[in-house]
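In: need a structure here:
(one chain, ligands or ions: 2)
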Amino acid sequence: MHELKITMLGPTGVGKTSLLTAMYEQFANNIGEVDLQLTPDDESSATLQERLIDLKSLLDDFEAKGGVKSTEGEPNDLRSFRFGLGRRGKQPSLQLHFQDYPGGYHLATASPERKQFVKTLLTECVAVLITIDAPALMEVRGRWNEKFNRPQQITDLFKTAYQDLDSPRLVIFAPVRCEKYIKGGASLDLVQRIKEEYKGLFDFLTSKEVESNVAVVITPVQTVGSVVFSRIEMNDGEPKFKFRKIGHDAKYSPEDSEQPLRYLLRFLLKLHLNNRNWGFFNFLRDWFSMDTHLVEAIRKLSKGCKTSGGFVVLQGDSYLNF
Ligand SMILES: Nc1nc2c(ncn2[C@@H]2O[C@H](COP(=O)(O)OP(=O)(O)OP(=O)(O)O)[C@@H](O)[C@H]2O)c(=O)[nH]1
Ligand SMILES: [Mg+2]
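Out: Numbering: from 1, shown residues only. Ligands and ions are numbered 1, 2, ... in the order given. Predicted structure coming up:
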């Protein structure tokens, strides 16, 4: 079975693993009639189950902590999440491999081997999901953004990894924990703040050499749905972001968590339809050619890609629009 790799990028604690969990967990619920199924391998399934319990436990207290629990591991012992993708009730025909590495890998203090590892990863992956902690981006005019989201390091990483690209890539900005901003009607501010704080990255991605190969979208995800940011408490000079439930009996109810996947599959289908020579993603053409049902299913799925309320295609329309 062919495998496509996707990197989950973002510093420790921003919510990469939680995003993956909600993405998988809500997929079947959210896609309605579309004849597609994600099947995690055994190891992924067990880890996702644990994370789900962790996420739901945020709702045990009225005040959610949002504490940091790190993904452990060495480069050859990474948290890899593998999902088979195919039609419902059929053998999956493509494997989506999400590399969910520990956020510490791109800290300034990470060893050269670790940094090299992340660069190689980024080069090999058809798509990158940049997970952004929305409260850090939005509150007190981004006072804590640099500390929590590290836009500069992410920018530097792209500058080395996206040199001399020979085939298209998809970059997805996924602000998480953004209940307050989306529900509160501040989605335009969210988009604006991403443009401001990641200006260096956008300048690079829109440069002549890079732009023709890279599609960029923003897909805000409400990772828990019923837990909203409430305030920042300072503790020995360290900010603690506090959250609260929207009601006493509020339940785990993520919103839009399948949207990054919709955009990813839409991008893959368009690569196939463009019918050009895409270097090492050429097998996609064979994959789609063999299964017209799959083409139809992904076409349908793509129609559900949101395009308002904080969802934006920033560049690369030709890689996304049919
Ligand atoms: N309040 C709130 N907390 C969340 C949300 N999503 C995740 N968390 C909590 O934030 C913590 C960090 O989330 P993770 O998903 O583990 O973050 P990560 O990016 O995978 O971190 P590393 O694996 O260390 O790189 C966990 O304790 C989660 O329970 C959310 O939407 N709201
Ligand atoms: Mg993690």
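In: Could you tell me how many residues sit around G309?
Out: When neighbours are defined as other Cβ atoms under 10 Å, G309 has 14 of them. Heads up, the C-betas are built off the backbone N, CA and C, glycines and all.
In: ok, now how distant is it from I232?
Out: 25 Å (Cβ to Cβ, to the nearest Å).
In: do D133 as well
Out: Applying Cβ to Cβ, the value for D133 to I232 is 12 Å.
In: any common contacting residues for these two?
Out: F241 (Cβ atoms under 8 Å, 6 or more residues apart in numbering).
In: the more surrounded of the two?
Out: D133 (24 against 16).
In: Quick check: phi and psi at that one.
Out: phi -80, psi 110 (degrees, to the nearest 10).
In: Spit out the contact partners of it.
Out: 13-15, 148-149, 175-177, 241.
In: So what pairs up with it in the strands?
Out: V176 (DSSP bridges).
In: Low-confidence ranges, this structure, go.
Out: In the prediction, the chain carries residues with pLDDT under 70 at positions 65-78, 102-104, 106-107, 278, 280.
In: Report the central residue of it.
Out: L129 (3.5 Å; Cα atoms, centre = their mean).
In: what pairs with that one across the strands?
Out: Residues in beta-bridge contact with L129 (DSSP bridges): M8, I172.
In: gap between it and ligand 2?
Out: 12 Å (Cβ to the ion, to the nearest Å).
In: before we move on, what about E43?
Out: 15 Å.
In: Now do the buried residues in whichever strand or helix holds that residue.
Out: Following DSSP states H and E, one finds E43 within helix 42-56. The neighbour-count check on helix 42-56 (16 or more other Cβ atoms under 10 Å) flags 44, 47-48, 51-52, 55 as buried.
In: again with stretch 163-182
Out: Applying a neighbour-count criterion of 16+ other Cβ under 10 Å, one finds 168-182 buried in stretch 163-182.
In: How about that stretch and ligand 1, any contact?
Out: Yes. Judged by Cβ under 6 Å from any ligand atom, stretch 163-182 and ligand 1 are in contact via 176-177.
In: For this structure, just list every one of the strands.
Out: 2-9, 37-40, 63-64, 79-86, 94-100, 127-133, 169-176, 214-218, 227-235, 238-245, 312-315 (DSSP state E).
In: Which secondary structure elements does the first one sit against?
Out: For strand 2-9, the contact count by 3 or more Cβ pairs under 8 Å, 6 or more residues apart in numbering; DSSP states H and E identifies helix 16-30, strand 94-100, helix 112-124, strand 127-133, helix 283-289 as packing neighbours.
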